[in-house]
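Visitor: Let me see the structure of the following:
(chains A and B)
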There are 2 protein chains.
Amino acid sequence: MKWIEGGICAAKGFKASGVHCGIRSGRTKEDLALICSDTLCSGAAVYTTNKVCGAPIKVDRRHLADGKAQAIICNSGNANTCAPGGEHLAEETCKLVAKELGIPAGNVLVCSTGVIGQAMELAPFEAGVPMAAKALEEGSQGSLKAARAIMTTDTHEKQAAVEFELSGHTCHLGAIAKGSGMINPNMATMLLFLTTDAAISSEMLQKALSKDVPSTFNQISVDGDTSTNDTVLLLANGMAGNPQITAEGADYFTFCQALHMVAEKMCRELAGDGEGCTKLLECVVTGAPTVAVARAVSKTVIQSDLLKSAMFGQDANWGRILCAIGYTPGDFSVDKVRVWLESKAGQVYVCENAAYHEYSEEEAAKVLAEKEIRILVDLGQGDQTAKAWGCDLTYDYVKINGDYRT
Amino acid sequence: MKWIEGGICAAKGFKASGVHCGIRSGRTKEDLALICSDTLCSGAAVYTTNKVCGAPIKVDRRHLADGKAQAIICNSGNANTCAPGGEHLAEETCKLVAKELGIPAGNVLVCSTGVIGQAMELAPFEAGVPMAAKALEEGSQGSLKAARAIMTTDTHEKQAAVEFELSGHTCHLGAIAKGSGMINPNMATMLLFLTTDAAISSEMLQKALSKDVPSTFNQISVDGDTSTNDTVLLLANGMAGNPQITAEGADYFTFCQALHMVAEKMCRELAGDGEGCTKLLECVVTGAPTVAVARAVSKTVIQSDLLKSAMFGQDANWGRILCAIGYTPGDFSVDKVRVWLESKAGQVYVCENAAYHEYSEEEAAKVLAEKEIRILVDLGQGDQTAKAWGCDLTYDYVKINGDYRT
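Guide: Take a look at the predicted model:
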C-alpha cells in the first residue's frame, strides 16, 4: 500500500473540476465542484447526526437508496439548510448535472456548505454546472480544482490517495475534503468525498465505510460543534477490474485498510486545519478495557478547551489531561493512568499512576513547540486502543467566530 | 421569601472568617476560610462526578457518612489532588480545626481548590487554622472574608442569602461560592457552601440538595471541563426553632424553594464570572417533551464554542443555536423550534419553525450589547422547561488558560 498523487482523480475513470459560479455575491473564489465517474458506481454515505440536517442530505438519502451513483456536485458559500425550498433546489441541481452528463438525476449526489438559513438561487447553478461539466479533467489538476472549490475558511486544499492490490489487480482510492472551517455568519461542515476504482458491491462498500467512520471521522473535533451538513460520500466504479468484493475476505480486508489509511490521513488534515489553530493534537489511548472507552477518552481529551488552550500556550499541563480523562463517561478506573507528551522533538513522561511524574520543563517546552503534538494515554487496564484528532484553541478561533463584525 | 445580606453568616449561629496562611509562596491573598456553627448540624453534600477526585472529597464522604457536621475549612492555592499524602493531610487539617473549636474531627469538612498534582504542606494550616478560628465573626463581614479567601481567579466574591418562614418561624439560608476560574497551572473548582438555621433532618436535607442540583449547578458551564474538586456543602443547624422537617410537606416545599432561589442566584454569579468572560448567557428552554430534553438542550446551547464566540462578537447568529439544539442527544424533533434573543434592551424573534424569522439587525445588536443575554428556545412539543447558564468565549479565556507562560 503506498501513497500516490491524484486525490479524488487517482482512481481510474474519475474526473473532477472546480469553477466559480457566484453562489455568494462579491466572492470570486471557486465555489462549485463536480466529480464524476465514466461508469455507474456502487455508492456509500455517512451523514451528520444533527437533527437539523441540510436539504442536500435529504436528497442524497433518496438518490443513494439503491446504492448506486455516478456523480457528486458540491457548492460552497451556502449550506442550503433551514432555508425555504431547499430540497427542491437540491433536486433541480441534480437535474442540471444529469442533463450535462447524460445520466439519470437519481445517480447524482449533491452537497452544500456555507451559510445556513439563507435561500439559495438556482441561477448560479444554471450557469455553473455546464461550466463545471466542460472543465472536467483527469489526474491531479482536476482533483486540486475540486478540492479548492469546496473549501470555505480552510487554509489549504486537502487531498490524499493510495494504491493497493486486490487479487493481483492494481487499485486506487483517493479523497478530497473540506474542513471544520467557518463561513460567516454560520457554521460550516466537514465534507469528504472518496473515490475508488476497486470493484465492490454497494452493501460491502457501505459496510466498509460504516465500520471505518467511528474510528476516524467521528474522532475529529475542532470545537465539538456537529454541523448540520457533515457528509462522507464514497463511490466505487470497479474499473480496476478486480473480482468484485461481495463478502468479507482478504480483498475486503485490504480494501478496508486502504480506506482507513486515507481516512486517517484526512482526519489529521482536517483537525490540523481547524479554525485559527496553530497545532494538530493527536490523542492515542492504549490499555483501555473496551474500544468504546478508548474512543471516548481520546475524544474527550482533544475536546477539552482547557487542554486546547494549554497546548496553544505550549504548557505541559498534564493535570488538564487527567481531568478530561476523569470526566469521560464510562466504566473504567483512573488509578493506573500514564501520560506522555510527544512530538518529533522527543517525548516527556508527565504522569504516572494518575500523579505527577518528574520531567524536565525544558524538554517539555521543546516537545510542545512543534506543530504536531501527540498525547499518549495508557489506562493500564486492557488492550484496546483508539485515536482522536483535534487542534489548539487560539485567539484566532475566537476572532474568526466572534469578531468578524467589528 | 426575600433577599437579605449576610451570605454564609445570614443563618443564626453561623460564623466565618478568611485569613492568609501562605499555601502558595509569594501570594498574600487570603487563602484559608473557616465556617462553623455554634451547634452540630445536619449536613448534605454533592461532589464532582470526575473519576479523578480530590483527596478532600474522600475525607468528606467519610466525615459526612453520619449526616452530621459542624464546620467547614477550605483553602485556595492547592487542590490537594493527584498529590502524595493528600488524604492524610486533609484528615490532619480537620484535626487542627477540631482542636481549635473543641469539636470532633469527624464533624469537620474540608475543601481545597487550586493547583493539582503538587504536594501540600501542613505547616501553613498549623499556623492558619488558629488564626482563622480566632478571626471567626458573625454577619456580613465574616461571610465576606470567607468568600474572598476561597476565590481563585474569580473577579469578585459571590454571596447570597434569603429569609423565609417555616411554620411561623423566621429562617435563613445563605451561601458563598467560588467559581469556574483557573489557578495556574491547573484547573480549579466550583465550591459552594450553604448554611441554614432551619431545622431539617439529614435525610431531608440531602434529598432537597440532591433534587435541586440537577436543575441548578449541573446546568452551569464555563468550558465544559468538570473539575476534580467540585463540591456543594449544605449545613443546617436548626437554630431557627421551627419544627424539624422530617418528611415532605409544606415546610419542606418552602425550604426547597429557598434553596433553589439561592442556588439559581449563585449559578448566575458563577457563570457570569467565568474566565475571561464579558457576558452571562442564560438559555431558557420551554415546550420540551421531557425535563431531560429541556436540560440537555439548554446546556448544549450554552456550551457551544461557536455560539459563545458569536455572543462575544455580539452577533445574532441563530444558526449556531439551531445547530447546537440539533446535535443535542435525545428523542425530540426540531421542526417547530422557535428562538428569541433577549436582554434588558429588548427581545428579537430570530427563528421560527427551525428557519429564519425576519428581525432587525439593529435591534439585535442593541439586545446583544448588554451584559446579560437570555436565549429563549421553545421546542413546541410539550410543557417541560429548564434553564442553563454559561458565558461567552473571549480572547481573555484563551489568554488566561494558554498564555500565562509567555
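Visitor: Could you list the domains of chain A?
Guide: What automatic domain parsing lists as the domains of chain A is A:2-271, A:280-402.
Visitor: which one's the longest strand in chain A?
Guide: Assignment by DSSP state E gives strand A:32-47 as the longest strand of chain A.
Visitor: now for that strand, which elements pack on it?
Guide: Other helices and strands packing on strand A:32-47, by 3 or more CB pairs under 8 Å, 6 or more residues apart in numbering or on different chains; DSSP states H and E, are strand A:14-19, helix A:55-63, strand A:68-78, helix A:123-135, helix A:139-149, strand A:191-196, helix A:202-212, strand A:231-236. Every C-beta, even on glycine, is put in place using the N, C-alpha and C of the backbone.
Visitor: Partner strands of it, with direction?
Guide: Partner strands for strand A:32-47, per DSSP bridges, with pairing direction: strand A:14-19 (antiparallel), strand A:68-78 (antiparallel), strand A:231-236 (antiparallel).
Visitor: re earlier: okay if I get the helices and strands packed on strand A:32-47 as a markdown table plus mean pLDDT and distance to A:Cys391?
Guide: As requested, those are arranged in a markdown table below (pLDDT from 0 to 100; distance: least, CB to CB, whole Å):
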| stretch | mean pLDDT | distance to A:Cys391 |
| --- | --- | --- |
| strand A:14-19 | 98 | 26 |
| helix A:55-63 | 96 | 26 |
| strand A:68-78 | 95 | 21 |
| helix A:123-135 | 97 | 32 |
| helix A:139-149 | 96 | 20 |
| strand A:191-196 | 95 | 17 |
| helix A:202-212 | 96 | 22 |
| strand A:231-236 | 94 | 20 |
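Visitor: Deepest in the core, which of those is it.
Guide: Each of those was scored by mean neighbour count; the highest is strand A:191-196, a mean of 29, by mean count of other CB atoms under 10 Å in any protein chain shown.
Visitor: What distance do you get for the residue positioned nearest the centre of chain A to A:Lys366?
Guide: Of all residues in chain A, the one closest to the mean position by CA atoms, centre = their mean is A:Leu192, 5.0 Å from it. Using CB to CB, to the nearest Å, we find A:Leu192 at a distance of 34 Å from A:Lys366.
Visitor: closest one to B:Arg295 among the strands paired with strand A:32-47?
Guide: Closest to B:Arg295 of these is strand A:231-236 (CB to CB; 30.1 Å).
Visitor: and the angle from that closest one to strand A:191-196?
Guide: 10 degrees (axes from the mean of the first three to the mean of the last three CA atoms, to 10 degrees).
Visitor: The one helix or strand in chain A whose mean pLDDT sits lowest near chain B anywhere?
Guide: Least confident helix or strand of chain A, by mean pLDDT, DSSP states H and E, is helix A:395-402 with a mean of 77. Yes - interface with chain B: helix A:395-402 contributes A:Tyr395, A:Tyr397, A:Val398, A:Lys399, A:Ile400, A:Asn401, A:Gly402 (CB under 8 Å from any CB of the partner chain).
Visitor: Show me what that helix is packed up against.
Guide: Counting by 3+ CB pairs under 8 Å, 6+ apart, helix A:395-402 packs on helix B:305-312, helix B:395-402.
Visitor: out of the ones you listed, nearest to B:Lys51?
Guide: So among the helices and strands packed on helix A:395-402, helix B:395-402 is nearest, using CB to CB, at 22.1 Å.
Visitor: so what's the residue nearest to A:Lys58 when sequence neighbours are not counted up against?
Guide: Residue nearest to A:Lys58 in three dimensions, not counting chain neighbours: A:Glu87, with 5.5 Å by CB to CB, 6 or more residues apart in numbering or on different chains. A:Glu87 makes contact with A:Ala55, A:Lys58, A:Val59, according to CB atoms under 8 Å, 6 or more residues apart in numbering or on different chains.
Visitor: Correct me if wrong, but A:Glu87 is in a strand.
Guide: No - assessed with DSSP: H, G, I helix; E, B strand; the rest coil, A:Glu87 is helix; it does not lie in a strand.
Visitor: Nearest to chain B within the stretch 1-150 of chain A, name that residue for me.
Guide: A:Val52 (3.3 Å; CB to the nearest CB).
Visitor: where does that residue land in three-state SS?
Guide: The three-state assignment at A:Val52 reads coil, by three-state DSSP.
Visitor: was I right about it contacting A:Thr226?
Guide: No - applying CB atoms under 8 Å, one finds A:Val52 not in contact with A:Thr226, separated by 9.8 Å.
Visitor: Name the residues contacting each of the two.
Guide: Counting by CB under 8 Å, 6+ apart, the residues touching both A:Val52 and A:Thr226 are B:Cys323, B:Gly326.
Visitor: residues from the stretch 201-350 of chain A in reach of chain B?
Guide: Contact residues (CB under 8 Å from any CB) of the stretch 201-350 of chain A with chain B: A:223-228, A:303-306, A:309-315, A:317-320, A:322-328, A:332-334.
Visitor: out of these, which are inside strands?
Guide: Reading strands off those, I find no matches (DSSP E).
Visitor: Give the ChimeraX command for selecting the buried subset of these.
Guide: Listed next is the ChimeraX selection for buried residues among these, using 16 or more other CB atoms under 10 Å in any protein chain shown:
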select /A:223,224,225,226,227,228,303,304,305,306,309,310,311,312,313,314,315,317,318,319,320,322,323,324,325,326,327,328,332,334
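Visitor: So which of the residues of the stretch 201-350 of chain A next to chain B are in helices?
Guide: Counting by DSSP state H, those place A:303, A:305-306, A:309-312, A:318-320, A:322-326 in helices.
Visitor: Go through those and name the one nearest B:Gln118.
Guide: A:Gly319 (9.2 Å).
Visitor: doesn't B:Gly117 make contact with that closest one?
Guide: Yes - the pair A:Gly319 / B:Gly117 is scored as a contact, 5.1 Å apart, by CB under 8 Å.
Visitor: In three-state terms, how would A:Glu358 be classified?
Guide: Under three-state DSSP, A:Glu358 comes out as coil.
Visitor: From B:Cys74, how far off is it?
Guide: Applying CB to CB to A:Glu358 and B:Cys74 gives a distance of 29 Å.
Visitor: Now A:Cys36. Nearest residue, chain neighbours left out?
Guide: Using CB to CB, 6+ apart and skipping residues adjacent in sequence, the residue nearest A:Cys36 is A:Ala71, 3.9 Å away.
Visitor: What residues are bridge-paired with the one you found?
Guide: Beta-bridge partners recorded for A:Ala71 (DSSP bridges): A:Cys36, A:Val108.
Visitor: can you tell me which residues contact it?
Guide: Listed by CB under 8 Å, 6+ apart, the contact partners of A:Ala71 are A:Leu34, A:Ile35, A:Cys36, A:Ser37, A:Val97, A:Leu101, A:Ile103, A:Asn107, A:Val108, A:Leu109.
Visitor: and what of A:Gly390?
Guide: A:Ile220, A:Ser221, A:Val222, A:Ala271, A:Gly274, A:Leu281, A:Cys283, A:Ile302, A:Gln303, A:Lys308.
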